[in-house]
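1. Below: sequence and its predicted model.
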Amino acid sequence: MSPLFRSFPFGAIAIALLLTGCGEKPTSTAATAGRAAGTQKQPVEVVKISRRDLVESLSLVGSLAPNETAQIRAELSGQVRSVNFFEGEHVSGGHVLVRIADDELRAQLGQAEARYGLAELNLKRSEDLAQARSMSQAELDRVRSEHATVEAELRLLRVRLDKLEIKAPFDGIVGARTISPGDYITAATVITTLDDLSRLKIEFQVPERFVERVKPGSSFTMRAQTPRGEARAPGEVYFVSSIIDRSTRSSQVKGFLDAAVVGLKPGMFANIEIVLQVRRGALTVPEGSILATARGAQVIVVREQGADKVAQFVSVQLGLREKGLVEISPTKEGELEEGQEIVASGVGALILYPGAKLEPRPLRAEFRIGD
């Protein structure tokens with residue numbers, strides 16, 4: 001604080017501030033002290049009230065996750081004939097990862113195809129006989145049923161045979177494998193994992209008192225440490241759980257990162273700053289300009305009175321705060337407007353009272369906020 005701000009007697013400061021909090025002008029001894037201290041104009045640093053968009057945000061922690069992830073398992077039991085991937089390899093959807101021995105099923109398929117061929121011939125002959133009225137309708141229906149049964153068996157065997165080729169369900173990177181050719185695997189055997197890293201998700205918990213203000217479409221910023229330094233990426237919420245976890249009193253939220261960042265990997269810890277609301281065109285002042293009194297928060301406005309500039313105390317209500325700025329709204333309409341000058345800092349340590357003469361000076365550059 002400037003030496004000019006520290007040069008006044010402590011007693012006069014206390015009297016002036018006490019009377020200001022009570023909303024009365026200095027009188028008698030207090031007035032004399034005020035005039036003694038105020039024979040010269042009080043130098044003050046000022047800023048103008050400005051309109052800004054204020055953002056209310058919430059800082060949380062979360063974990064990165066892949067776009068899609070799957071544990072690869074076999075649907076049918078059998079002996080592994082071949083493994084057709086390398087660990088850490090990028091594969092396309094539909095790529096055959098593992099083949100299981102299919103000799104038995106192929107033999108069964110051959111039998112089914114032979115029965116199906118015979119059923120086709122029987123059906124054709126029966127239909128011809130039925131047209132010549134040499135076969136009853138009931139007998140024709142029985143042949144048709146046998147044909148349909150054999151056809152269904154054939155389709156079933158072909159489906160089972162196809163399942164002996166274990167394929168990648170989507171594009172991604174395969175993880176470590178747990179099997180080798182010759183192993184016998186079942187439906188419980190995890191062969192490997194497959195992760196789609198084309199884009200990353202982030203998962204985090206939002207406390208219950210804020211969860212109603214987080215919705216699909218809410219924007220956030222992710223920060224994480226990588227070997228190359230701090231990484232940042234914007235993102236958007238796509239899922240908010242409909243329930244509150246009893247143990248944590250929070251709700252699960254998921255979002256997608258809008259940009260790919262080199263060095264980020266699923267499972268990494270990340271900081272999230274999520275936007276709860278944006279207040280457009282709010283009247284804002286530096287936090288240091290707020291005077292806390294028994295009657296509530298006030299700002300000291302610089303008013304013109306003839307050739308002089310004097311102090312006027314205006315009661316305000318406080319709103320959002322962001323990076324050293326605070327939203328204000330006057331308790332009486334029309335008392336504050338954009339562009340008006342107010343005392344910027346040190347309001348609790350200056351000899352100021354309603355009507356005190358001021359010598360406004362621009363706020364020093366190192367204390368300016370949001371320029």
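-> In hand now; what should we look at?

2. you'd agree Phe313 is up against Ala297?
-> No. In this structure, Phe313 is not within contact of Ala297 by CB atoms under 8 Å, at 10.7 Å. Quick note: C-beta positions are derived from backbone N, CA and C, even for glycine.

3. neighbour-wise, which of those two wins?
-> The neighbour count for Phe313 versus Ala297, taken as other CB atoms under 10 Å, is higher for Phe313 (20 against 16).

4. Let's see the helix or strand where the more buried one lies as PDB, backbone CA atoms only.
-> Per DSSP states H and E, Phe313 falls inside strand 308-322. Taking Å, rounded to 0.1, in the frame of the first residue of the first chain, the C-alpha atoms of strand 308-322 are listed here in PDB:
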ATOM      1  CA  ASP A 308     -14.500  18.200  -6.200                       C
ATOM      2  CA  LYS A 309     -14.700  14.400  -6.300                       C
ATOM      3  CA  VAL A 310     -16.100  12.900  -3.100                       C
ATOM      4  CA  ALA A 311     -16.800   9.400  -1.700                       C
ATOM      5  CA  GLN A 312     -20.200   7.800  -1.700                       C
ATOM      6  CA  PHE A 313     -20.900   4.600   0.100                       C
ATOM      7  CA  VAL A 314     -23.200   2.300  -1.900                       C
ATOM      8  CA  SER A 315     -24.500  -1.000  -0.400                       C
ATOM      9  CA  VAL A 316     -24.300  -4.000  -2.800                       C
ATOM     10  CA  GLN A 317     -25.100  -7.600  -2.900                       C
ATOM     11  CA  LEU A 318     -22.300 -10.000  -3.900                       C
ATOM     12  CA  GLY A 319     -22.600 -12.700  -6.500                       C
ATOM     13  CA  LEU A 320     -20.200 -15.000  -8.400                       C
ATOM     14  CA  ARG A 321     -16.400 -14.700  -7.800                       C
ATOM     15  CA  GLU A 322     -13.800 -15.500 -10.400                       C
END
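
5. Tell me which other helices or strands that strand touches.
-> Applying 3 or more CB pairs under 8 Å, 6 or more residues apart in numbering; DSSP states H and E, we find strand 308-322 packed against strand 50-73, strand 269-286, strand 296-305, strand 325-330, strand 358-362.

6. partners of Leu257 in the sheet?
-> Here Leu257 sits in beta bridges with Gly235, going by DSSP bridges.
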